[in-house]
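Trainee: Got a predicted structure plus its sequence, pasted below:
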Amino acid sequence: MADISQLALNNLLAPMTLFFALGFAAGLARSDLTIPEQIGKALSLYLMLAIGFKGGASMGAGGETAVLVGSLVAGLILSAAIPVIGFFLLRRTSRLDGMTAAAVAAHYGSVSVVTFVTAVGFLDIVGIAYQQFMVAVVAVMETPAIVVGLALAHRFADSAPRDSGARTANLGRGHLLREIFLNGSVVVLVGAFVIGWITGKPGLARIEPFIGAPFAGVLCLFLLDMGLIASRQFAATRGQLTLPVIGFALYMPLIGAALGLAAALVVGLDLGSATMLAVLAASASYIAVPAAMRIALPRANAAVYLTLSLAITFPFNILVGIPLYFAAAQALGFP
Amino acid sequence: MADISQLALNNLLAPMTLFFALGFAAGLARSDLTIPEQIGKALSLYLMLAIGFKGGASMGAGGETAVLVGSLVAGLILSAAIPVIGFFLLRRTSRLDGMTAAAVAAHYGSVSVVTFVTAVGFLDIVGIAYQQFMVAVVAVMETPAIVVGLALAHRFADSAPRDSGARTANLGRGHLLREIFLNGSVVVLVGAFVIGWITGKPGLARIEPFIGAPFAGVLCLFLLDMGLIASRQFAATRGQLTLPVIGFALYMPLIGAALGLAAALVVGLDLGSATMLAVLAASASYIAVPAAMRIALPRANAAVYLTLSLAITFPFNILVGIPLYFAAAQALGFP
Amino acid sequence: MADISQLALNNLLAPMTLFFALGFAAGLARSDLTIPEQIGKALSLYLMLAIGFKGGASMGAGGETAVLVGSLVAGLILSAAIPVIGFFLLRRTSRLDGMTAAAVAAHYGSVSVVTFVTAVGFLDIVGIAYQQFMVAVVAVMETPAIVVGLALAHRFADSAPRDSGARTANLGRGHLLREIFLNGSVVVLVGAFVIGWITGKPGLARIEPFIGAPFAGVLCLFLLDMGLIASRQFAATRGQLTLPVIGFALYMPLIGAALGLAAALVVGLDLGSATMLAVLAASASYIAVPAAMRIALPRANAAVYLTLSLAITFPFNILVGIPLYFAAAQALGFP
Amino acid sequence: MKRNGANGVMHTKKKIEVIIEQPASHLVTELLDRHGATGYTVLSAATGRGSSGWWERSPVTVARQQVVIIAVIAPERAPAIIDDLGTLLQDFHGVVFVSEVEVIRSERF
Amino acid sequence: MKRNGANGVMHTKKKIEVIIEQPASHLVTELLDRHGATGYTVLSAATGRGSSGWWERSPVTVARQQVVIIAVIAPERAPAIIDDLGTLLQDFHGVVFVSEVEVIRSERF
Amino acid sequence: MKRNGANGVMHTKKKIEVIIEQPASHLVTELLDRHGATGYTVLSAATGRGSSGWWERSPVTVARQQVVIIAVIAPERAPAIIDDLGTLLQDFHGVVFVSEVEVIRSERF
Ligand SMILES: Nc1ncnc2c1ncn2[C@@H]1O[C@H](COP(=O)(O)O)[C@@H](O)[C@H]1O
Ligand SMILES: Nc1ncnc2c1ncn2[C@@H]1O[C@H](COP(=O)(O)O)[C@@H](O)[C@H]1O
Ligand SMILES: Nc1ncnc2c1ncn2[C@@H]1O[C@H](COP(=O)(O)O)[C@@H](O)[C@H]1O
Ligand code: NA
Ligand code: NA
Ligand code: NA
């Protein structure tokens, strides 16, 4: 069992973490380095396709159904509960308006697939396996948080939505539902999972040279991009955020991770999978949820929720969180 | 010899087909999933470069010249003959105007390189080889259909082209010729073929890790994109097409495939190559020909020819056509 | 020791050179082939990341510090001296205005990373190693030339800069400095070098399937793109350039290469590294320097410097220069 | 059919330009459809700044992305469209501006 | 040289905007060249709708892709250009609209 | 709050469009910031031609790339902005043109 400072060092000196740091530093230094936008989108699609397919293809033929179902249920509950906790913490500790607080809370209930993928890379480095069905848990955790976030906004928002808002919301509802349930990341992740599951090992063998071997390298390039994006988002809104709000983006992942580990204990997960559940609970969405919030809660401040999830929590999880949650899971004696 | 339902199942359960189906379903469900446009273009360039190079590098040092020449001639004749058949069928069975009917017909004489590439994937799965010079046949079949389509339009179009049209056509002629003979897909396919042929096995060895091993995976990603594109094209024009026109997009590939197999018998092709010739004859262009038609026959209805070739015939060939033509070739006893 | 015509042939028949030629020919023939712009940017980033990382990971643990330092100093001096030579040659032989002459000269002192990468490919084919720290020399040579070019412009420009210019330059200075010292290519190259150096062989092993094996193939695709870009740049400005100016783009690389080889003798480099230093000195920038010149010397004629560096010198180096400089290094008896 | 341009037979229409965040762009195009606009064209912007701060294209989310929607319409349709756009822009980030343009082929608008 | 903007010395020109399908865009730019336009700028649209239906950017074909071509020209060149554009647009999908703009540096148009 | 569009309560503003080479685009946006413009939107062009010749998007360099910067501003700010843009365009490639537009919500400009 490696000790925590060793883990932290291992993580900080892994190529993927260093590329993230390079991107972050280049962004802060205002280098003109940019990964073209469509390339960034493609890298992220690739990672989801690869993770999904490998997950599906490696699913055990049956067996641990209880743990699988337990994990899915745990994911659902975490995704729904975390926004409630987050919302009241934000309202207690900060002056964010109700709309924005609800929107931020929804982001933290949902998940960041890239954080998940980076954790896959980390577990790979430390040589610990995890249950492939965790990919399905990712998908399950994406949406409940959005629904809960909207409910919080409607219940506790300071101002009644104006009629224009109502009309708009009405117009956009179909769109919103698709945004929530059929957003591209989830479709690729779940779709590739199902295809991997159908085609199994022979299918995996055919496309392994594309989705397997280059995976770690692609992740490095993508994290370089994420570093750039995160630091630019940070620079663009620096000074707009109060300390209590910034603090939230640092302690909320810890709360999420703790809840995730607790749920993992209840469900009976192994060390790798428990780490993954903690990572999911600790991570905050910055792909699907922001777009949904622009439609559903247009008056919530996008600069706030994007900066918190993308520019603070994401780097925190990549650099510090993942090895920390793993160390905690080790300390808790997960098998 | 595998029986046809087995072949159909093999094809339907191959990762590439499933990814196409995933894209098609996501598009119909109006998911916001999109493969960035430039990525789609790059994937398609990659596939053509890879197919071309591998074809060239694997060309036998001589030998079967008669079969090679015969195949090229067969390709030329098919490409020129199919539009004539298609045009008169459309005029008999539908109310499409002459311009549009001619434009549609030109698409079916020409070829879809992606369908060809998918058939390469299919033959790979069933373990049947084909003659590498079929890549040259692809190139040869691209353009005669366009010339014949234009001739049909000028001979049989309902209305005389207005002088504006004439002036325009005049202005655009140089452009059109380049569009036809130097369109990007053909240049990459043929260029890579020639380079592969010049550099041979040693050249192939150098770039194999790029064009070889990842090929099947890249094809999956590209077919996911094609599924999205096809279903969106379908949704955008749903209801504008009459049943006879939709029917054309389903039976015309069968006619083309039958002609292709007949030509393959005459030329004396093997099982794999005969399947390829049938696939080429059955497929319809949606890259080069639409762009050329916009310049040459601007009054033809682009929504019609794009929907037929891209949203109906292409999926039909991917899901049903390829294994069907292969089964037919087996039944006809190709060696 | 291979003779020069053999080397030239080897180079001309390598896949990467042939793909460059294919692109160049397609561009001249005005084919509509294009590699999507963002793909081109991504390919170039990939090549720099790969070269940088491999260089860093393979750096010897110590030892040859004198040669390393000597090479860096040589790079600095070459980058600063070549613009001076170039500027006075241009002023003597052509009628280019002072601003434009200074801008052109700056391009030739700086370097083309793609030419460097292609030379890596060439050395790989002929089986000659080079010192990995040459990657650091690339980074060092990027900027002195810009500073010298600006000094030349301010000292010898025909017209005093107008006050508007002064105001502008003032406004843009911070931006310019970042453009010069933090331009994206250098950041990726140097950043990946440092990361490679930190993570060493284990890091390389993790991402080798991404940056190693596919490298040669990616280079081919990128050179196809470069061929298209170079010939289109050439076509767009054909006729605007006088013979003395065109001549400069052909003999200046030879002067640069000669100086590079001389410096390599002084420093005591091996055959591969000497070739690399010659290639760097012979190459002209067309990424970072043009963008910097647009800000710093906006009245210099961009069509001139882009055409010279991108459309004449770059193809010259790819097709003729690299094997020539290598042959010269062989003839000079580098170990 | 008579050439008009040169003969001065041009028709005055309204050009409506809406800059709006991409997640809400379909609300604008649906609004244009409902009001009988005969066409529109959407451009995707690269970067910008407004009361809600600075943004640039992002590979991770379209949440801040702005698009420019151009619609040339018959003048009589303009007031109702502008009215509804004003309502929409109470919720969403963006601006709308209107100008006069001359077109040939009046019947197409 | 005297600054003009602030002093009101601005010059009225015509701004021509052509939205046309990409395969025909070179016909428009060649037309502008022939008529002595001093410059133009082409933007590539993301999506749109018109009498020929809805379209969006496609990785497989530019057949439906629309571009926006902007040219600011001296007013005296406008009628002939518009006339020829009208002819062109009888065949190709697109629209053209014209408005007045003020410029500094009149001699550049 | 009263709906205006339909009621004719629209406000006249100036729309400034600057087409300029990308390396200098930040000079324009900084200029707009300094002059108190409340917002701007930048579009990236695909290709174009001007006195400095023809260009198209390039994967290797942004040196020739042109962008279109649109800013709708209060009319009283226009002269000073145009004046400074004129100075800038003495050095850099590009053009600037100004027109009138009507907006709702006057206070936002
Ligand atoms: N005055 C303006 N001129 C041009 N574009 C603007 C203007 N105001 C806002 N925008 C654009 O609309 C977006 C949203 O504006 P806002 O709602 O003010 O944040 C900005 O990011 C700009 O892209
Ligand atoms: N009234 C309009 N306003 C803005 N763009 C238009 C308009 N009409 C047509 N367009 C654009 O021009 C394209 C072709 O128009 P059409 O020939 O009417 O199908 C459409 O897809 C739109 O992108
Ligand atoms: N009259 C014009 N109308 C529209 N765009 C123009 C015009 N003149 C110049 N441009 C654009 O501005 C760029 C630089 O112009 P120039 O400085 O004249 O070379 C050109 O490449 C065009 O993209
Ligand atoms: Na979470
Ligand atoms: Na065909
Ligand atoms: Na040099």
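Mentor: Cool, the structure landed. Ligands and ions are numbered 1, 2, ... in the order given.
Trainee: and A:Gly55, what is it in contact with?
Mentor: By Cβ atoms under 8 Å, 6 or more residues apart in numbering or on different chains, the contact set of A:Gly55 is A:Gln132, A:Phe133, A:Met134, A:Val135, A:Ala136, A:Phe193, A:Gly196. For the C-beta atoms, the positions are set from N, CA and C on the backbone; glycine is no exception.
Trainee: and the closest residue to the second one other than its chain neighbours, what helix or strand is that in?
Mentor: With Cβ to Cβ, 6 or more residues apart in numbering or on different chains as the criterion, A:Phe133 has its nearest non-adjacent residue at 4.9 Å, and that residue is A:Leu68. In this assignment (DSSP states H and E), A:Leu68 forms part of helix A:65-93.
Trainee: list the helices and strands that helix packs on?
Mentor: helix A:98-109, helix A:134-142, helix A:144-156, helix A:243-267, helix A:271-282 (3 or more Cβ pairs under 8 Å, 6 or more residues apart in numbering or on different chains; DSSP states H and E).
Trainee: Quick one: mean pLDDT for the shortest one?
Mentor: This means helix A:134-142. Helix A:134-142 shows a mean pLDDT of 92.
Trainee: same check, this time on the fourth one
Mentor: Average pLDDT, helix A:243-267: 97.
Trainee: Go through that helix and flag the buried ones.
Mentor: A:245, A:248-249, A:252-257, A:259-264, A:267 (16 or more other Cβ atoms under 10 Å in any protein chain shown).
Trainee: starting at the chain centroid, how far to that helix?
Mentor: 13 Å (Cα atoms, centre = their mean, to the nearest Å).
Trainee: That one relative to helix A:98-109, how many degrees between them?
Mentor: Orientation check (axes from the mean of the first three to the mean of the last three Cα atoms, to 10 degrees): helix A:243-267 against helix A:98-109 gives 40 degrees.
Trainee: Please say whether there is contact between helix A:243-267 and chain D.
Mentor: No - under the criterion of Cβ under 8 Å from any Cβ of the partner chain, helix A:243-267 makes no contact with chain D; the nearest approach is 15.4 Å.
Trainee: Same check on stretch A:220-237?
Mentor: Yes - legend: contact between stretch A:220-237 and chain D by Cβ under 8 Å from any Cβ is shown at A:Asp225, A:Met226, A:Ile229, A:Arg232, A:Ala236, A:Thr237.
Trainee: Filter those down to just the ones in helices.
Mentor: Of the residues of stretch A:220-237 next to chain D, the ones assigned to helices by DSSP state H are A:Asp225, A:Met226, A:Ile229, A:Arg232, A:Ala236, A:Thr237.
Trainee: State the pLDDT value of the residue lying closest to A:Asn301 once chain neighbours are set aside.
Mentor: Of all residues not flanking A:Asn301 in the chain, A:Thr100 sits nearest, at 4.6 Å (Cβ to Cβ, 6+ apart). For A:Thr100, the pLDDT comes out at 95.
Trainee: neighbours of A:Gly333, just the number please.
Mentor: The criterion is other Cβ atoms under 10 Å in any protein chain shown. On that basis, A:Gly333 has 9 neighbouring residues.
Trainee: An error on my part: the question was meant for A:Leu182.
Mentor: Counted with other Cβ under 10 Å, A:Leu182 comes out at 16.
Trainee: sorry, back to before: adding neighbour count, write the residues of stretch A:220-237 next to chain D out as CSV.
Mentor: Shown next, in CSV, are the residues of stretch A:220-237 next to chain D (neighbours: other Cβ atoms under 10 Å in any protein chain shown):
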residue, neighbour count
A:Asp225, 27
A:Met226, 30
A:Ile229, 27
A:Arg232, 22
A:Ala236, 18
A:Thr237, 19
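Trainee: one step back: and of the helices and strands packed on helix A:65-93, who's closest to E:Val98?
Mentor: The minimum distance between E:Val98 and the helices and strands packed on helix A:65-93 falls on helix A:98-109, with 43.9 Å, by Cβ to Cβ.
Trainee: name the helices or strands packed onto whatever helix or strand comes next after the closest one?
Mentor: Per DSSP H and E, the first helix or strand lying C-terminal to helix A:98-109 is helix A:113-126. Packing partners of helix A:113-126 (3+ Cβ pairs under 8 Å, 6+ apart): helix A:4-12, helix A:37-58, helix A:134-142, helix A:215-237, helix A:271-282, helix A:322-331.
Trainee: Flag every buried residue along the first one.
Mentor: By 16+ other Cβ under 10 Å, the buried positions in helix A:4-12 come out as A:Leu7, A:Ala8, A:Asn11.
Trainee: Around chain F, which positions in chain D sit nearby?
Mentor: For chain D, the contact set with chain F under Cβ under 8 Å from any Cβ comprises D:17, D:19, D:43, D:45-51, D:66, D:68, D:79-87, D:89, D:95-99.
Trainee: Please produce a ChimeraX select command covering the buried subset of these.
Mentor: In ChimeraX syntax, the buried subset of those is picked out as below (16+ other Cβ under 10 Å):
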select /D:17,19,43,45,46,47,48,49,50,66,68,79,81,82,83,84,85,86,87,89,95,96,97,98,99
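Trainee: Filter the residues of chain D next to chain F down to just the ones in strands.
Mentor: Of those, the ones assigned to strands by DSSP state E are D:17, D:19, D:43, D:47-50, D:66, D:68, D:95-99.
Trainee: A:Trp37 contacts D:Ser58, correct?
Mentor: For the record, residue A:37 is Glu, not Trp. Yes - using Cβ atoms under 8 Å, A:Glu37 is in contact with D:Ser58, at 6.9 Å.
Trainee: what about the closest residue to chain C within the stretch 201-335 of chain A, distance to C:Ala57?
Mentor: Taking Cβ to the nearest Cβ, chain C has its nearest neighbour within the stretch 201-335 of chain A at A:Gly217, 2.2 Å off. In this view, A:Gly217 and C:Ala57 are 13 Å apart by Cβ to Cβ, to the nearest Å.
Trainee: likewise D:Val9?
Mentor: Separation of D:Val9 from C:Ala57 (Cβ to Cβ): 72 Å.
Trainee: Which residue of those two possesses the greater neighbour count?
Mentor: Legend: neighbour count by other Cβ under 10 Å for D:Val9 and C:Ala57, higher for C:Ala57 (25 against 11).
Trainee: Is the more buried one in contact with C:Ala192, as I believe?
Mentor: No - at 9.5 Å, C:Ala57 and C:Ala192 do not qualify as touching, with contact defined as Cβ under 8 Å.
Trainee: Spell out which residues are contacts of both of those two.
Mentor: Counting by Cβ under 8 Å, 6+ apart, C:Ala57 and C:Ala192 have no contacts in common.
Trainee: re the thing from before, could you dump the helices and strands packed on helix A:113-126 to TSV with distance to C:Thr118?
Mentor: Below are those laid out as TSV (distance: least, Cβ to Cβ, whole Å):
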stretch	distance to C:Thr118
helix A:4-12	35
helix A:37-58	22
helix A:134-142	41
helix A:215-237	21
helix A:271-282	42
helix A:322-331	39
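Trainee: Ranking those by mean neighbour count, which comes first?
Mentor: Among the helices and strands packed on helix A:113-126, helix A:271-282 has the highest mean neighbour count (mean count of other Cβ atoms under 10 Å in any protein chain shown), at a mean of 28.
Trainee: could you say what helices and strands whichever helix or strand comes after that helix packs with?
Mentor: The element immediately downstream of helix A:271-282 (helix or strand, assigned by DSSP H and E) is helix A:288-296. Under the contact definition 3+ Cβ pairs under 8 Å, 6+ apart, helix A:288-296 sits against helix A:98-109, helix A:144-156, helix A:163-181, helix A:302-306.
Trainee: count of neighbours near the closest residue to ligand 6 within the stretch 1-150 of chain A?
Mentor: In the stretch 1-150 of chain A, no residue comes nearer to ligand 6 than A:Asp32, which is 21.2 Å away by Cβ to the ion. A:Asp32 is flanked by 17 other residues according to other Cβ under 10 Å.
Trainee: Nearest residue to it in space, ignoring adjacent ones along the chain?
Mentor: Leaving aside its sequence neighbours, A:Asp32 sits nearest to C:Gly184 (Cβ to Cβ, 6+ apart; 5.4 Å).
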